[in-house]
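In: how would this look folded up:
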Amino acid sequence: MNLNYPLILGSKSPRRKEILTKAGFEFSTEAKDTEESYPEDMPHTEVASFLAEKKAKAFAEDEKYTDKIILTADTTVLIDNELLEKPQDEEEAFSMLSKLSGRAHQVVSGFCVLHNGKFEKYSDETLVYFNPIEEEVIWDYILNHKPFDKAGAYGIQEGIGLTHIEKLEGSYFTVMGLPIHKVYQALAGYSNG
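Out: Numbers count the residues shown, from 1 in each chain. Model prediction:
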């Protein structure tokens, strides 16, 4: 897709970069540190798109991005209406993965497109079914993959994400961190074909 303006992926995530590259987009990558808080009373399914928009707002403050398309994203994991954020340490990662073991959970990836001061935010949801995971397998995964940069303490493309996910209802790429089918539709409005 040929976009009419330069595209910037506002993320440090190698997974989002990989998805966007494989989808055929030309872009550069820049990330701004953003404080990831959200209102306590916000419905948990809206947090990902809220944080994606918050990340985009960090770019909106700088004039050098005015004639560029900024794409930001965030991913959340929900089980029993509890938000599982990025684990702070090994114990928290173990606790999260133990909760997900043998159960279904929701993954919500939100993204925001910013261009010339206009914000458009979107989100997509996938239901993920995990087979039961043995304790030693969880510890092995944590020690070898260090999933501290991932909501819910796992990546679908590695370790127990590969070996213990039974099925998905929704998009694989939403779980990976970027619902590329929706991103493609959103960016089509900035293309001349």
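
In: can you pull out the helices in this structure?
Out: Using DSSP state H, the helices of the chain run over residues 14-22, 47-60, 90-100, 135-145, 160-164, 172-176, 180-188.

In: out of these, which is closest to S37?
Out: Among the helices of the chain, helix 47-60 comes nearest to S37, with 8.6 Å by C-beta to C-beta. Backbone N, C-alpha and C define where each C-beta goes, glycine included.

In: packing partners for that closest one?
Out: In this structure, helix 47-60 makes packing contacts with strand 69-79, strand 104-115, strand 118-130, judged by 3 or more C-beta pairs under 8 Å, 6 or more residues apart in numbering; DSSP states H and E.

In: list the buried residues of stretch 32-41.
Out: Residues 32, 34, 38 are the ones in stretch 32-41 that count as buried (16 or more other C-beta atoms under 10 Å).

In: which among those gets closest to N116?
Out: Out of the buried residues of stretch 32-41, the one with the shortest distance to N116 is K32. That distance is 18.1 Å, counting by C-beta to C-beta.

In: isn't the closest one up against F59?
Out: Yes: contact criterion C-beta atoms under 8 Å: K32 and F59 qualify, at 6.4 Å.

In: how about F111: what's its closest non-neighbour residue?
Out: Closest residue in space to F111, ignoring its immediate chain neighbours: A73 at 4.1 Å, by C-beta to C-beta, 6 or more residues apart in numbering.

In: just the pLDDT at that neighbour, thanks.
Out: A73 is assigned a pLDDT of 98 by the prediction.

In: kindly report the same for Y5.
Out: Here, the pLDDT recorded for Y5 equals 96.

In: which residues does it contact?
Out: For Y5, the residues meeting the contact criterion (C-beta atoms under 8 Å, 6 or more residues apart in numbering) are 67-69, 115, 190.

In: 10 Å - rerun?
Out: If you count contacts by C-beta atoms under 10 Å, 6 or more residues apart in numbering, Y5 has them with 66-70, 115-116, 190-191.
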